[in-house]
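Colleague: Following is a predicted model, sequence given first.
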Amino acid sequence: MDIKIPYSTTHLQLKVPDRNLLGVLESKAHSFKAETTEDALVEQALANPVDSPRLKELAQGQEKVVIITSDHTRPVPSKITMPILLNEIRKGNPKADITILIATGFHRPTTKEEMVQRFGDKIVTNETIMVHDCNDEEELTYLGKLPSGGDLALNRLAVEADLLISEGFIEPHFFAGFSGGRKSVLPGIAGRKTVLANHCAQFIINPNARTGILKNNPLHIDMLFAADKANLKFILNVVIDNDKKVIRAFAGEPLRAHEKGCQFVEKLASVEALPADILITSNGGYPLDQNIYQTVKGMTAAEASAKPDAVIIIASACNDGHGGEAFYQTFLEAETAGEVMERIMKIDMDCTIPDQWESQILARILMKHPVILVTDQCDEKLVKDMHMMHASSLEKAMQMAFGMKGENATVTVIPDGVSVIVQQ
């Protein structure tokens, strides 16, 4: 069977012998046919907000308006959504002082080039755009304690806004349940200490901190609290297919609109596990496969459909390297994944170190499964330093996997690992 695997801005062709293939697990979002154009879907959502007045009504009399948006690591179609959002605000308040705040969370700053790619020249030239820096204490306002006990500090621009809104997209998330909604605030515009507390070892190991789970998810509970404290009034979240095209949009009161969006995504993304000896997946291509840090997300889908000691193959360009120096050093300084996990589980919430959560999840996977990272854009040594095997092509990775598991090994393919919720 020939299968297309997302990779960078293109696809890789995968050939799997029919006698070995158990099945292909894909989100129905990839075949979902939208009712109308992308622009029309967004406009319809704004015209019919969930449990909220229209945004143009909320904007009336509000001088300082802040729009939180995602950074360069997220495929939010802002060239479509942002002009419509800005127009809706200015319909209600032509004189509004609008700031677009890029929610970098714990990531590196978004570059000017990446802004142009995300928003287009017109918006970058004509609008006020600020990039959140979680390390800049002067940019932050302290708002007390999270339900978990961690300090809550958020970007001052957002906290002092007369009207705070956010845009984003909803997809399954490997420890927050789903992306979108409240995640724009925490971790999006949170301070360093706040992000670290929210991403502590005890939360990440919690069985409810998994893909597609919101109920009793400790990270989600903190995130909701932070969004409420920030006074997030309105969201616009979209759902996209594998071509990064909008197939549905949800707007309105942050909690309710996000819940409706998550329910829609859950119906499309849920697939039944097909436990196999070899799992082949990806991180959904660009922009999510720019580094190894992000690539851990796609691995968790394979993990959820893997037999004990199954081989996981993930195709991910990782042209930006490891994606986090602390993440890289954690594995470089350890002899085994088990050693990484042992160290992390001894770290208290208030001592959480940068990228610890990603290290914890990668260690969890590597303790159970050998992982082959397929890339021709990342240093092979770097991949091996992080306790994974390297292959420059899917063909080579398949040869390696069959060499380990035998010629009769069963294979399950999950073309886009970040788009599915694997039901075990």
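Modeller: Cool, got the structure.
Colleague: Hmm, Leu382 is touching Gly321, no?
Modeller: Yes - when contacts are counted by CB atoms under 8 Å, Leu382 is listed as touching Gly321 (6.3 Å). The way it works is simple: take the backbone N, C-alpha and C, and place the C-beta from them, glycine included.
Colleague: any residues in contact with both of the two?
Modeller: 292, 328 (CB atoms under 8 Å, 6 or more residues apart in numbering).
Colleague: Which one's more surrounded, those two?
Modeller: Leu382 (19 against 16; other CB atoms under 10 Å).
Colleague: tell me what the helix or strand containing that one is packed against?
Modeller: Take DSSP states H and E as the rule and Leu382 turns out to sit in helix 380-385. With contacts taken as 3 or more CB pairs under 8 Å, 6 or more residues apart in numbering; DSSP states H and E, helix 380-385 sits against helix 325-332, strand 389-391.
Colleague: just these: most buried one?
Modeller: strand 389-391 (a mean of 20; mean count of other CB atoms under 10 Å).
Colleague: what about dumping the CA coordinates of the next helix or strand after that strand to CSV?
Modeller: Remark: after strand 389-391, the chain's next helix or strand is helix 394-405, criterion DSSP H and E. Extracted C-alpha coordinates of helix 394-405, given in CSV (Å, rounded to 0.1, in the frame of the first residue of the first chain):
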residue,chain,number,x,y,z
LEU,A,394,11.4,5.9,5.4
GLU,A,395,12.8,3.0,3.3
LYS,A,396,15.9,2.8,5.5
ALA,A,397,13.8,3.1,8.7
MET,A,398,11.5,0.3,7.5
GLN,A,399,14.5,-1.9,6.9
MET,A,400,15.8,-1.2,10.4
ALA,A,401,12.5,-1.9,12.0
PHE,A,402,11.9,-5.2,10.1
GLY,A,403,15.4,-6.2,11.1
MET,A,404,14.5,-5.7,14.7
LYS,A,405,11.0,-7.2,14.7
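Colleague: Show residues contacting the helix holding Leu382.
Modeller: With contacts defined as CB under 8 Å, 6+ apart, helix 380-385 is touched by 292, 318, 321-322, 328, 331-332, 373, 375, 389-390.
Colleague: measure Ala363 to Ala401 for me?
Modeller: 21 Å (CB to CB, to the nearest Å).
Colleague: Worst mean pLDDT among the helices and strands packed on helix 380-385?
Modeller: Lowest mean pLDDT within the helices and strands packed on helix 380-385: helix 325-332, a mean of 95.
Colleague: on that earlier part again, Ile235: which of the helices and strands packed on helix 380-385 is closest?
Modeller: Closest approach to Ile235 among the helices and strands packed on helix 380-385 (CB to CB): helix 325-332, 29.4 Å.
Colleague: Which elements pack onto that closest one?
Modeller: helix 292-303, helix 337-344, helix 356-366, helix 380-385.
Colleague: got the CA positions of the longest one in PDB?
Modeller: Output of helix 292-303 as PDB, limited to C-alpha atoms (Å, rounded to 0.1, in the frame of the first residue of the first chain):
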ATOM      1  CA  ILE A 292      12.600  17.300  18.100                       C
ATOM      2  CA  TYR A 293      10.900  19.000  21.000                       C
ATOM      3  CA  GLN A 294       7.600  19.300  19.100                       C
ATOM      4  CA  THR A 295       8.000  15.900  17.500                       C
ATOM      5  CA  VAL A 296       7.400  14.100  20.800                       C
ATOM      6  CA  LYS A 297       3.700  14.900  20.300                       C
ATOM      7  CA  GLY A 298       3.400  12.700  17.200                       C
ATOM      8  CA  MET A 299       5.200   9.900  19.000                       C
ATOM      9  CA  THR A 300       2.500   9.700  21.700                       C
ATOM     10  CA  ALA A 301      -0.100   8.600  19.100                       C
ATOM     11  CA  ALA A 302       2.200   5.800  18.000                       C
ATOM     12  CA  GLU A 303       2.800   4.900  21.700                       C
END
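Colleague: what are the pairing partners of the very next helix or strand once past it, and which direction each?
Modeller: Following helix 292-303 in sequence order, the next helix or strand is strand 306-315 (DSSP H and E). Using DSSP bridges, the strands paired with strand 306-315 are strand 276-282 (parallel), strand 371-374 (parallel).
Colleague: which residue packs closest to Glu114, ignoring adjacent ones?
Modeller: Excluding the flanking residues, the one nearest Glu114 by CB to CB, 6 or more residues apart in numbering is His72, at 4.1 Å.
Colleague: can you check Ala176 too?
Modeller: The spatially closest residue to Ala176, leaving aside those adjacent along the chain, is Leu219, at 5.2 Å (CB to CB, 6+ apart).
Colleague: Give me the three-state assignment for the one you found.
Modeller: helix (DSSP: H, G, I helix; E, B strand; the rest coil).
Colleague: Report the contact partners of it.
Modeller: Counting by CB under 8 Å, 6+ apart, Leu219 makes contact with 175-177, 198-199, 203, 209.
Colleague: Narrow those residues to those in helices?
Modeller: 198, 203 (DSSP state H).
Colleague: Put together a markdown table for the contacts of Leu219, with neighbour count and distance to Ala409 on each row.
Modeller: What follows is those, written out as a markdown table (neighbours: other CB atoms under 10 Å; distance: CB to CB, whole Å):
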| residue | neighbour count | distance to Ala409 |
| --- | --- | --- |
| Phe175 | 24 | 29 |
| Ala176 | 26 | 33 |
| Gly177 | 23 | 32 |
| Asn198 | 27 | 39 |
| His199 | 27 | 35 |
| Phe203 | 25 | 35 |
| Ala209 | 23 | 31 |
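Colleague: Looking at the contacts of Leu219, which one is closest to Leu25?
Modeller: Gly177 (18.9 Å).
Colleague: Give me the mean pLDDT for stretch 144-160.
Modeller: The average pLDDT within stretch 144-160 is 96.
Colleague: And that stretch, what's buried?
Modeller: 146, 148, 150-155, 157-159 (16 or more other CB atoms under 10 Å).
Colleague: Among those, name the ones in strands.
Modeller: Those of the buried residues of stretch 144-160 mapping onto strands are 151-155, per DSSP state E.
Colleague: quick one: which of the residues you listed is nearest Ala337?
Modeller: Asp151 (30.7 Å).
Colleague: coming back round to it: with only the CA atoms kept, save the helix holding Leu382 in CSV.
Modeller: Listed next in CSV are the C-alpha coordinates belonging to helix 380-385 (Å, rounded to 0.1, in the frame of the first residue of the first chain):
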residue,chain,number,x,y,z
GLU,A,380,22.4,12.6,12.9
LYS,A,381,24.6,13.0,16.0
LEU,A,382,22.0,15.2,17.7
VAL,A,383,19.3,12.5,17.1
LYS,A,384,21.5,9.8,18.6
ASP,A,385,22.5,12.0,21.5
